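S.K.: could you look at this predicted model? Sequence included:
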Amino acid sequence: MKPTIFSGVQPTGIPTLGNYIGAMKGFVDLQHDYDATYCIVNQHALTVPKDPAKLKKQTLQLAALYLALGIDPNVANIFVQSDVPAHSQAAWMVMCMTGLGELERMTQFKDKAAKQESVGAGLLVYPPLMVADIILYDAQYVPVGDDQKQHIELTRNFVDRFNARFGDDILIKPEAIFPKAGSRVKSLQDPLSKMSKSDKNEKSFILLLDEPKAITKKIKGAVTDSLGIVKYDEENQPGVANLLNIFSSLSGRTIEDLVEDYGDTGYGRFKGDLAELVVDTLAPIQERYQKLLVSDDLRDILHTGAQRANEKASVTLARMEKAMGIGY
Ligand code: AQP
């Protein structure tokens, strides 16, 4: 039997190159070697106010993008979180066994709460929903970006606590899988902070559907330094290090090879080649996406995916409920 993986992305807009390199590229690369389940986590998207029509549209857009990236629905299961009620049912049990202090310590909660005028309780209890997402599919591995480290740790601690209290091996303890390069792609304008689609500065991120011209402009305008040497030095040259990670992830070339190639030739050729690489990587994805978005198959794929996910998730949920004494 293949090992199991689970991961998800929020339908909060067109994903960035950071989402792709940090997580979604791995979804495609790993699908044949693992029993893979990939979710569109639309309930997570409710943790900060969202326009309902936009959320619906973005859910289908993300489904089309999953497929356009190369996820094969006959190989990996793709579904929408809200189609599987077990996620919120299991999340309740997770919440009841998670300390308030643990949740208040989550850096993503602190960061996101600081940006809101009024903070909904969902923002605080979003990590237990993520724990539920993962454990319901008996996931052994979770391909994610580095910003999710703390949430995976929370999941692992929860599984230990649950199994210690109710019986060994009821839940599977997952491990994170981070990409070799680009586990945290940085903003093109502030290489000390994460590339995020919600960044107010559009020059800071590349969206997977950006036009070639915009991509080239953003990469050529990426903040670097005045040293003019292509070298991997996160501390003194964070902008260049970020571009090297992107280059290495998309080309499959090692950082050492890239450094040797571009060395002290300045940043012009380096940025130009990287822009071309990003454009060439995204062009076929964009072409497939446009066709998939209007295809009748999209809803059928999600419907079948939800059925499969419900079957699997209800088994784990029943195990959890039995262990906790829910039912009579
Ligand atoms: N910059 C990044 N580098 C590497 N990985 C990243 N991920 C996100 N940003 C980067 C990974 O993408 C997956 C899906 O993320 P999400 O849907 O939970 O969204 P997010 O992390 O909230 O992404 P954004 O772009 O920052 O969205 P907004 O601005 O809406 O909050 C995860 O595996 C994540 O690690």
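M.R.: Yep, that arrived.
S.K.: now name the helix or strand holding residue 257.
M.R.: If you go by DSSP states H and E, residue 257 is part of helix 255-262.
S.K.: and that helix, what does it pack against?
M.R.: helix 238-251 (3 or more Cβ pairs under 8 Å, 6 or more residues apart in numbering; DSSP states H and E). Backbone N, C-alpha and C define where each C-beta goes, glycine included.
S.K.: could you list every helix and strand in contact with the helix it packs on?
M.R.: helix 255-262, helix 268-293.
S.K.: export these to JSON lines and tack on mean neighbour count and mean pLDDT?
M.R.: What follows is those, written out as JSON lines (neighbours: other Cβ atoms under 10 Å; pLDDT from 0 to 100):
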{"stretch": "helix 255-262", "mean neighbour count": "16", "mean pLDDT": "96"}
{"stretch": "helix 268-293", "mean neighbour count": "16", "mean pLDDT": "97"}
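S.K.: ok, which of the ones you listed comes nearest residue 322?
M.R.: helix 268-293 (40.4 Å; Cβ to Cβ).
S.K.: by how many degrees do that closest one and helix 255-262 diverge?
M.R.: 120 degrees (axes from the mean of the first three to the mean of the last three Cα atoms, to 10 degrees).
S.K.: gap between helix 268-293 and the chain center?
M.R.: 20 Å (Cα atoms, centre = their mean, to the nearest Å).
S.K.: circling back: residue 164: which of the helices and strands packed on helix 238-251 is closest?
M.R.: Comparing the helices and strands packed on helix 238-251 under Cβ to Cβ, the one sitting nearest is helix 255-262, at 41.6 Å.
S.K.: for the ligand, what is the nearest residue in the chain?
M.R.: residue 22 (1.9 Å; Cβ to the nearest ligand atom).
S.K.: roughly how far apart are that residue and residue 145?
M.R.: With distances taken as Cβ to Cβ, to the nearest Å, residue 22 is found 3 Å from residue 145.
S.K.: what of residue 23?
M.R.: Taking Cβ to Cβ, one finds residue 23 at 5 Å from residue 145.
S.K.: hang on, the earlier thing: joint contacts of residue 22 and residue 145?
M.R.: When contacts are counted by Cβ atoms under 8 Å, 6 or more residues apart in numbering, residue 22 and residue 145 are jointly contacted by 178, 179, 183, 184, 185.
S.K.: contacting residues around the first one?
M.R.: Under the criterion of Cβ under 8 Å, 6+ apart, the contact list for residue 178 reads 22, 143, 144, 145, 146.
S.K.: got the residues of this protein near the ligand?
M.R.: Proximity of the chain to the ligand (Cβ under 6 Å from any ligand atom) is limited to residues 9-10, 12, 16, 18-19, 21-23, 144-145, 147-148, 183-185, 194-198.
S.K.: just the buried residues of these.
M.R.: Using 16 or more other Cβ atoms under 10 Å as the burial test, the residues of the chain next to the ligand include 9-10, 12, 16, 18-19, 21-23, 144-145, 147-148, 183-185, 194-197 as buried.
S.K.: which ones among those are found in helices?
M.R.: Within these, residues falling in helices by DSSP state H are 18, 19.
S.K.: max pairwise distance over the contacts of residue 178: which two?
M.R.: Longest span within the contacts of residue 178, Cβ to Cβ: 143 and 146, 11.6 Å.
S.K.: of these two, which one has the most company?
M.R.: Just comparing residue 143 and residue 146: by other Cβ atoms under 10 Å the higher neighbour count belongs to residue 143, 24 against 15.
S.K.: chain center to the least confident helix or strand in the chain by mean pLDDT: distance?
M.R.: Within the chain, no helix or strand scores below helix 107-114, which has a mean of 91 by mean pLDDT, DSSP states H and E. Centroid separation for helix 107-114 versus its chain: 17 Å, with Cα atoms, centre = their mean.
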